[in-house]
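Student: Here's my sequence, what's the structure:
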Amino acid sequence: MKTNQESRTCYVRLNERVLRRGDIILVTQSTKQSAAIRLGTFSDISHAMVYVQDRSVIEATPDGVHSSNTQRLFLEAARPVYALRLRAAPTAEQLRVIETELRGKIGTRYSKKQAALTVVPAKLEADRQQFCSRLVAQAFAAAGIDLVANPNFCSPGALKRSKQLVVIDDATVPATPEEIAFFNDRADVPQLMLEATNALLGGARTIEPLIEDFDDLNRFIASHPEHDVLMCEILEHSGYLDVWKIERAKNPWQYDLELMNREPERGMDEYCWDVLRNEGSESNRYVHNRDGYEGFVRQFDRRYFAVMADLYATLAALHAQRVDVAQRWLEAHGEVEPVAPLMLVPHSEAWFSALARWSPVQAMMTRGAVAAAGRADICSVCGDEPAADYGLQENQRQAGGIDTLRLCDDCLSIRRSAGQVFTPLG
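Tutor: So this is what the prediction gives:
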């Protein structure tokens, strides 16, 4: 039961309408640790995080580096909150590097000792663990943006004083009791992912204590085939493979237009626009992870890599499905012009561009085969000729995928035997 003081506390949340990718959020809490940080760093704030996409931040907390849903981030209205933005707008490449650096640190352990050293005026040696302001400053430094003199040892207060940053107005909006209650009663998927990630990496550290993040884990498994079976068991028991099932069961309407149409319309257009706004010209992180693990599968005979490749293939397909459903809902409600499905001509520039978003590795391999052959009328898969153009049957087309291929007779036969129905184009 809430105390009288807790029930009287007013809260705010971040205002996603004004925030952009790469914005830095500075906050404080009513904890002894927060008070100590503020006192030691001569500042009114104690924590820093980076806004990476609509309703999502990446931060380092005592639980480690993880992503959080801003819709669940309720802040005491009486305490300061700052949203800071680069004075000089970052390039698309700089934003990509910043986000890649942040996501690459997911699962890294938090170091209270290293955080405390930010107030020590001496030459310090940084380890590979993280704390909030180090995570932020290092990510920006990787993109060539020096927010502070020493990104390895800086405080949230130092970020606030950075000449590279300016304050954004209207960074928060009031959070209603109904809104708070709504999210408190629903499964917190980012928290479940945090727990699964920590369980997976924590299990791996019982074998190799120096593992900090997934890159470390991948290198370890590549070099130590004798631990493949044990790591698959740790992966299975961590829950990492099942978080997406909880998300899909919680919000099935995100993946089915008919179910979406049964939901209340209020706020649905905002949700759909948020989904589309997060889509850039490059392939998303699920595709990158899928292709990365598929690359490991080709190099190393490890079941762990095959399981992770299958997981991210599923996540990539689900993500594309969400985007497709959001697009079609907006089309049906007259908010965007309908986009007719295109049966792209294999090996055309438009086809290569679409393939590069869905499968960058396959796009590169097919381009290489076409260049080596000096002709475009070769098989998209194996490079043999003769080859003809085929399209997938409509009910087998996958949102976000490529529905047309130039196939030789052997590759066509293999795909048909796997249940794919291809018909000749033109």
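Student: Skip the chain neighbours and tell me the closest residue to residue 297.
Tutor: residue 305 (4.9 Å; Cβ to Cβ, 6 or more residues apart in numbering). For glycine as for every other residue, the C-beta is placed from the backbone atoms N, C-alpha and C.
Student: typo on my end, it should be residue 295
Tutor: The shortest distance from residue 295 to any non-neighbouring residue, by Cβ to Cβ, 6+ apart, is to residue 361 (6.8 Å).
Student: do the same with residue 355
Tutor: Closest residue in space to residue 355, ignoring its immediate chain neighbours: residue 363 at 4.2 Å, by Cβ to Cβ, 6+ apart.
Student: was I right about that neighbour contacting residue 352?
Tutor: Yes. Counting by Cβ atoms under 8 Å, residue 363 touches residue 352, with 5.7 Å between them.
Student: Pick out whichever of the two has more residues nearby.
Tutor: residue 363 (20 against 17; other Cβ atoms under 10 Å).
Student: quick one: contacts for that one?
Tutor: With contacts defined as Cβ atoms under 8 Å, 6 or more residues apart in numbering, the neighbours of residue 363 are 352, 355-356.
Student: rewinding a little: any idea how far the residue nearest to residue 355 lies from residue 402?
Tutor: 9 Å (Cβ to Cβ, to the nearest Å).
Student: Quick check: neighbours shared by those two?
Tutor: residue 355.
Student: how about the helices in the stretch 301-426 of the chain?
Tutor: For the stretch 301-426 of the chain, the helices defined by DSSP state H, counting those that start in this stretch cover 303-332, 349-358, 360-373, 409-417.
Student: same question but for the stretch 101-250 of the chain, I mixed them up
Tutor: Going by DSSP H, counting those that start in this stretch, the stretch 101-250 of the chain shows helices at 112-116, 132-142, 156-160, 177-184, 189-205, 214-223, 228-238, 243-250.
Student: In a markdown table, list the ones you listed along with mean pLDDT.
Tutor: Below are those laid out as a markdown table (pLDDT from 0 to 100):
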| stretch | mean pLDDT |
| --- | --- |
| helix 112-116 | 88 |
| helix 132-142 | 98 |
| helix 156-160 | 95 |
| helix 177-184 | 89 |
| helix 189-205 | 97 |
| helix 214-223 | 98 |
| helix 228-238 | 98 |
| helix 243-250 | 92 |
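Student: Can you say which of these is nearest to residue 60?
Tutor: Nearest of the helices of the stretch 101-250 of the chain to residue 60, taken as Cβ to Cβ: helix 132-142 at 4.4 Å.
Student: so what secondary structure elements neighbour the closest one?
Tutor: strand 47-53, strand 56-61, helix 92-104, helix 112-116, helix 156-160 (3 or more Cβ pairs under 8 Å, 6 or more residues apart in numbering; DSSP states H and E).
Student: One more pass at 7 Å, please.
Tutor: strand 47-53, strand 56-61, helix 92-104, helix 156-160 (3 or more Cβ pairs under 7 Å, 6 or more residues apart in numbering; DSSP states H and E).
Student: Next, the angle strand 56-61 makes with it.
Tutor: Angle, helix 132-142 to strand 56-61, by axes from the mean of the first three to the mean of the last three Cα atoms, to 10 degrees: 120 degrees.
Student: Off-centre distance for helix 132-142?
Tutor: 17 Å (Cα atoms, centre = their mean, to the nearest Å).
Student: Report the angle between it and strand 47-53.
Tutor: Inter-element angle recorded for helix 132-142 and strand 47-53: 50 degrees (by the same axes, to 10 degrees).
Student: contacting residues around helix 132-142?
Tutor: By Cβ atoms under 7 Å, 6 or more residues apart in numbering, the residues outside helix 132-142 that reach it are 24, 47-50, 59-60, 65, 97-98, 101-102, 105, 147-148, 151-152, 154-156, 158-159.
Student: one step back: and of the helices of the stretch 101-250 of the chain, who's closest to residue 125?
Tutor: For residue 125, the closest of the helices of the stretch 101-250 of the chain is helix 112-116, at 9.6 Å, according to Cβ to Cβ.
Student: Pull out the buried positions in the closest one.
Tutor: 114-115 (16 or more other Cβ atoms under 10 Å).
Student: Use 15 as the first number from now on
Tutor: From this message on, residue numbering opens at 15, which makes the last subject helix 126-130.
Student: Which strands and helices lie in contact with it?
Tutor: Helix 126-130 sits against no helix or strand, with contacts defined as 3+ Cβ pairs under 7 Å, 6+ apart.
Student: what residues does that helix touch?
Tutor: For helix 126-130, contacts defined as Cβ under 7 Å, 6+ apart pick out 140-141, 143, 145.
Student: Which residue lies nearest the spatial centre of the chain?
Tutor: In the chain, the C-alpha nearest the mean C-alpha coordinate belongs to residue 299, at 5.5 Å (Cα atoms, centre = their mean).
Student: Distance check, the closest residue to that one other than its chain neighbours against residue 248.
Tutor: Nearest non-adjacent residue to residue 299, counting by Cβ to Cβ, 6+ apart: residue 117, 6.4 Å away. According to Cβ to Cβ, residue 117 stands 21 Å off from residue 248.
Student: Over to residue 348?
Tutor: The gap separating residue 348 from residue 248 is 50 Å, by Cβ to Cβ.
Student: Look at the two and report which has more neighbours.
Tutor: Higher neighbour count among residue 348 and residue 248: residue 248, with 21 against 8, using other Cβ under 10 Å.
Student: Now do residue 33 against residue 75, distance only.
Tutor: Distance of residue 33 to residue 75, given as Cβ to Cβ: 20 Å.
Student: Among those two, which residue is more densely surrounded?
Tutor: For residue 33 versus residue 75, neighbours defined as other Cβ under 10 Å are more numerous around residue 33 (21 against 15).
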